[in-house]
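Visitor: Could you look at this predicted model? Sequence included:
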Number of protein chains: 2
Amino acid sequence: MKTTVGDWTESFLGTRNLPRRVRDKLLHEARVVSYKQGQQVFGPDNIPDSLMFLHAGRIRVSQSSDAGREIVLYRVEAGESCVLTTACMLSEEAYNAEGIAETDVTAITLPKTSFDRLAAEEDSFRGFVFSAYSRRLIDLLRVVDDVAFGRMDVRLAERLLALGEGHSEIQATHQALANELGTAREVVSRILNDFQKRGLILQTRGRITLQNKPQLERLADSA
Amino acid sequence: MKTTVGDWTESFLGTRNLPRRVRDKLLHEARVVSYKQGQQVFGPDNIPDSLMFLHAGRIRVSQSSDAGREIVLYRVEAGESCVLTTACMLSEEAYNAEGIAETDVTAITLPKTSFDRLAAEEDSFRGFVFSAYSRRLIDLLRVVDDVAFGRMDVRLAERLLALGEGHSEIQATHQALANELGTAREVVSRILNDFQKRGLILQTRGRITLQNKPQLERLADSA
DNA sequence: TGCTCTTCAGTGACAATGTCACCCAACGCA
DNA sequence: TGCGTTGGGTGACATTGTCACTGAAGAGCA
């Protein structure tokens, strides 16, 4: 099922307060791209030459170490832009972050020349891009703070609560949680076992049930 | 000794390839500010409402934890712009990064309205700002990588080599080094004592002498 | 010279986290 | 039913962070 650019005009960036004129311009020059869940959107060996705006789905941006450990930097949600790619376009530095489609994803990409022109002509577009950069900077500040100063049990409790928002069942392996937090599976296992002994959660293979959210929240807030 | 804006036209941003016309525009609307060494340029309680371009000196941007630990995120050198302040202007999020003048500093600040207009009118200015954002993003990626995956002895060796570039004498307390790396003084002391036992350095109070740079480099490269 | 005060560094014990080398259990599938 | 794959458990050890001290080095001053 092919989606054409035109179909989006109503929905894309609707929440971003971009005037209709800007959206039309943007969509006029854009190309549609889509990725299947699990596919790599960008990475060290796959640097795109255009700016990407996410229409639907979610991209997980993470960084991995030589030793095979991994940490999630942030997630790009529908309506947001993925500025890291442009950052890497500009500075030729090596980096080892990659973006993975966490769900099926559709996005539009804007060639660099179109991007430049839009940024020149449209205040709102420019503001959108600047604020996208800012958001990511702030996100990364948070990650640095967590990793440098945070306790692992606190961070894990936070993630569990985030993943269990609205319900109490979480589908995630210990390894996956470790990759979120930039730690090792064994560490996650230890802490989860401790949580279970304390009655905060229940575990079965690949699934965690939050038994006592209030206390988990107290733990998470004791940052 | 007061410096007027006009005096800078030749020197400011000279290396950035901004056309003369752009520099003139920029300087026309700018205000000069200066800070003494050690003074706080910005911080959680001190969010500027304008964009800053550094003319001379160096600013250390660091983040600190509630427990009093601290980590250096990056440094802003002459000719660069400090985008973190603008990031925080845009997103109202709380953050706990601060900028300290590491040397005496002179800079120009551009009010938000002037910034917007320049960004609209001048391609080269816009490019400059985008690339400043990119640089910081990349810097932060590096910090995350170091903190999440790096070994402390390796990181410390790196810092020592950076600080001892060109000579071999470093003036720094263990506490100061700990604040660079986001760790505790005791940890730095332990590692430095180990370095000394291995003949890599010599220590006296507040001073470190690099005795064996090649081996330190091997250590630093074994990241 | 000696005294005092402040800053800087050293130490040992312990807790938290990361690493390694395993083992075992649960599940999917033929 | 057996088998291979994946997820998880465990103990030993290394590294790093925390705490509560101690002592040493320098600055200033009588």
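Guide: Alright, I've got the coordinates. Numbers count the residues shown, from 1 in each chain, chains lettered A, B, ... in the order given.
Visitor: so after the helix-or-strand element of chain A with minimal mean pLDDT, what's the next helix or strand?
Guide: Using mean pLDDT, DSSP states H and E, helix A:20-29 stands out as the lowest-scoring helix or strand of chain A, at a mean of 71. Counting by DSSP states H and E, the next helix or strand C-terminal to helix A:20-29 is strand A:31-35.
Visitor: neighbouring contacts of that next one?
Guide: Applying C-beta atoms under 8 Å, 6 or more residues apart in numbering or on different chains, the external contacts of strand A:31-35 come out as A:3-5, A:41, A:50, A:52, A:57, A:101, A:104-109, A:111. For the C-beta atoms, the positions are set from N, CA and C on the backbone; glycine is no exception.
Visitor: hmm, 6 Å instead?
Guide: A:V5, A:V41, A:A101, A:V105, A:T106, A:A107, A:I108, A:T109 (C-beta atoms under 6 Å, 6 or more residues apart in numbering or on different chains).
Visitor: List the buried residues in that strand.
Guide: A:V32, A:Y35 (16 or more other C-beta atoms under 10 Å in any protein chain shown).
Visitor: so how far is that strand off the chain centroid?
Guide: 18 Å (C-alpha atoms, centre = their mean, to the nearest Å).
Visitor: same check, this time on stretch A:131-146
Guide: 12 Å.
Visitor: does any part of it sit near DNA strand C?
Guide: No: counting by C-beta under 7 Å from any atom of the strand, DNA strand C has no neighbours in stretch A:131-146; the shortest distance is 10.8 Å.
Visitor: Distance of A:A162 relative to A:A172?
Guide: As judged by C-beta to C-beta, to the nearest Å, A:A162 and A:A172 stand 11 Å apart.
Visitor: Quickly find the element holding the residue most central in space within chain A.
Guide: Most central in chain A under C-alpha atoms, centre = their mean is A:R75, positioned 0.9 Å from the mean C-alpha point. Here A:R75 sits within strand A:70-77, counting by DSSP H and E.
Visitor: Could you name the helices and strands sitting against that strand?
Guide: For strand A:70-77, the packing partners by 3 or more C-beta pairs under 6 Å, 6 or more residues apart in numbering or on different chains; DSSP states H and E come out as strand A:58-64.
Visitor: between the strand it packs on and strand A:70-77, how big is the angle?
Guide: 160 degrees (axes from the mean of the first three to the mean of the last three C-alpha atoms, to 10 degrees).
Visitor: ok, strand A:58-64: who's next to it in the sheet?
Guide: Using DSSP bridges, strand A:58-64 pairs in its sheet with strand A:70-77 (antiparallel), strand A:97-101 (antiparallel).
Visitor: Now that strand - C-alpha only, CSV.
Guide: Extracted C-alpha coordinates of strand A:58-64, given in CSV (Å, rounded to 0.1, in the frame of the first residue of the first chain):
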residue,chain,number,x,y,z
ARG,A,58,8.8,5.6,16.7
ILE,A,59,12.5,5.5,16.3
ARG,A,60,14.9,4.5,19.0
VAL,A,61,18.2,6.2,18.9
SER,A,62,20.9,4.4,20.8
GLN,A,63,24.7,4.2,21.1
SER,A,64,26.7,1.1,21.4
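Visitor: pLDDT on the helix or strand following the strand holding A:R75, on average?
Guide: Scanning forward in sequence from strand A:70-77 by DSSP H and E, the next helix or strand is strand A:81-82. Across strand A:81-82, the average pLDDT comes to 88.
Visitor: circling back to that earlier point, please name the bridge partners of the residue nearest to the centre of chain A.
Guide: In this structure, A:R75 bridges to A:R60 when assessed by DSSP bridges.
Visitor: isn't A:A119 right up against A:R126?
Guide: Yes: counting by C-beta atoms under 6 Å, A:A119 touches A:R126, with 4.9 Å between them.
Visitor: More neighbours: those two, which one.
Guide: A:A119 (23 against 19; other C-beta atoms under 10 Å in any protein chain shown).
Visitor: Report the buried residues of the host helix or strand of that one.
Guide: Assessed by DSSP H and E, A:A119 sits inside helix A:112-121. Using 16+ other C-beta under 10 Å as the test for burial, helix A:112-121 gives A:S114, A:F115, A:D116, A:R117, A:L118, A:A119.
Visitor: Check stretch A:97-112 too.
Guide: A:A97, A:E98, A:G99, A:I100, A:A101, A:E102, A:V105, A:T106, A:A107, A:I108, A:T109, A:L110.
Visitor: How about stretch A:173-191?
Guide: Applying 16+ other C-beta under 10 Å to stretch A:173-191 flags A:H174, A:L177, A:A178, A:N179, A:E180, A:L181, A:G182, A:T183, A:A184, A:V187, A:V188, A:I191 as buried.
Visitor: Residues contacting that stretch, please?
Guide: Outside stretch A:173-191, the residues touching it (C-beta under 6 Å, 6+ apart) are A:E70, A:I71, A:V72, A:D153, A:R155, A:L156, A:R159, A:G206, B:A148.
Visitor: A:G199: which of these is nearest?
Guide: A:D153 (14.8 Å; C-beta to C-beta).
Visitor: returning to that earlier point: out of the buried residues of stretch A:173-191, which are close to DNA strand C?
Guide: A:G182, A:T183, A:A184, A:V187, A:I191.
Visitor: For A:V61, state which of those is nearest.
Guide: Of these, the one sitting nearest to A:V61 (C-beta to C-beta) turns out to be A:G182, at 13.1 Å.
Visitor: now that closest one: how far from A:V105?
Guide: From A:G182 to A:V105 the distance is 24 Å (C-beta to C-beta).
Visitor: swap in A:S134?
Guide: Distance from A:S134 to A:V105, counting by C-beta to C-beta: 23 Å.
Visitor: if you count what's nearby, which of A:A162 and A:A172 comes out ahead?
Guide: A:A172 (17 against 11).
Visitor: For the more buried one, what are phi and psi?
Guide: Note on A:A172: its backbone torsions stand at phi -170, psi 140 [degrees, to the nearest 10].
Visitor: where exactly do the helices run in chain A?
Guide: Assigned by DSSP state H, chain A shows helices spanning A:20-29, A:83-90, A:112-121, A:123-149, A:152-163, A:174-181, A:185-197, A:213-221.
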